[in-house]
Each structure stands twice: as structure tokens, then as C-alpha cells.
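> Sequence first, then the predicted structure:
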Amino acid sequence: MRKGGLWLYAGLAVIGAVALYIGGFVLSGEGMISGLCIGLGAAVFCLGMGNFISSLLASKPETDERARR
């Protein structure tokens, strides 16, 4: 995996964590908007962290073989 992809996934995790924090603590009295920020923030955080960890663990030949299928 190229290094740019790692920064992208780490950035997505940070954006998700910020949205989760804003939805939980800053917009706590807003109801629907707060829930939306919490839900989307949690989803983006998990996707970013999952892709970040999998890109660190997968070797280059495994990634190329998976892309060919």
C-alpha cells in the first residue's frame, strides 16, 4: 500500500472521531442532528480504522493477488 492511502485512512478515522465527539457533547440538545453526527461519526471512524489496520497488515503480493480476482 502506498503511504498516501495510510494517511487517508488515518484522516478518515480522525474525522469520524471528531464527528462522534461533536454529536455526543457539543450538539447534545439537538436530538436528530446529534444522533446523525454520532452515527455517521462512528461509521466513518470504524471504516477508517479498519482500512488503516488492514493496509498495515496486508503485504504487497496479497494486495495485488486480491486485486486480480
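That came through fine.
> check contacts around residue 20.
Neighbour list for residue 20: 37, 38, 41, 42, 45 [criterion: CB atoms under 8 Å, 6 or more residues apart in numbering]. From N, CA and C alone the C-beta is placed, and that goes for glycine too.
> For the helix or strand it falls within, give the mean pLDDT please.
Element membership of residue 20 [criterion: DSSP states H and E] is helix 3-21. For helix 3-21, mean pLDDT rounds to 89.
> Could you list the buried residues of whichever helix or strand comes after it?
Sequence-wise, the next helix or strand beyond helix 3-21 is helix 32-57, with elements assigned using DSSP H and E. Neighbour-count burial for helix 32-57, with 16 or more other CB atoms under 10 Å as criterion, is recorded at 34, 37, 38, 41, 42, 44, 45, 48, 49, 51, 52, 55.
> what does stretch 53-69 give?
Neighbour counts using 16+ other CB under 10 Å place residue 55 of stretch 53-69 among the buried residues.
> on that earlier part again, which one of the contacts of residue 20 sits closest to residue 67?
Out of these, the one with the shortest distance to residue 67 is residue 45. That distance is 25.7 Å, counting by CB to CB.
> Contacts only, for the nearest residue to the closest one once chain neighbours are set aside.
Nearest residue to residue 45, sequence neighbours excluded (CB to CB, 6 or more residues apart in numbering): residue 16, at 3.0 Å. When the contact criterion is CB under 8 Å, 6+ apart, the partners of residue 16 are 40, 41, 42, 43, 44, 45, 46, 47, 48.
> related to what we said a few turns ago, put together a markdown table for the contacts of residue 20, with distance to residue 7 on each row.
As requested, these are arranged in a markdown table below (distance: CB to CB, whole Å):
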| residue | distance to residue 7 |
| --- | --- |
| 37 | 24 |
| 38 | 25 |
| 41 | 19 |
| 42 | 21 |
| 45 | 16 |
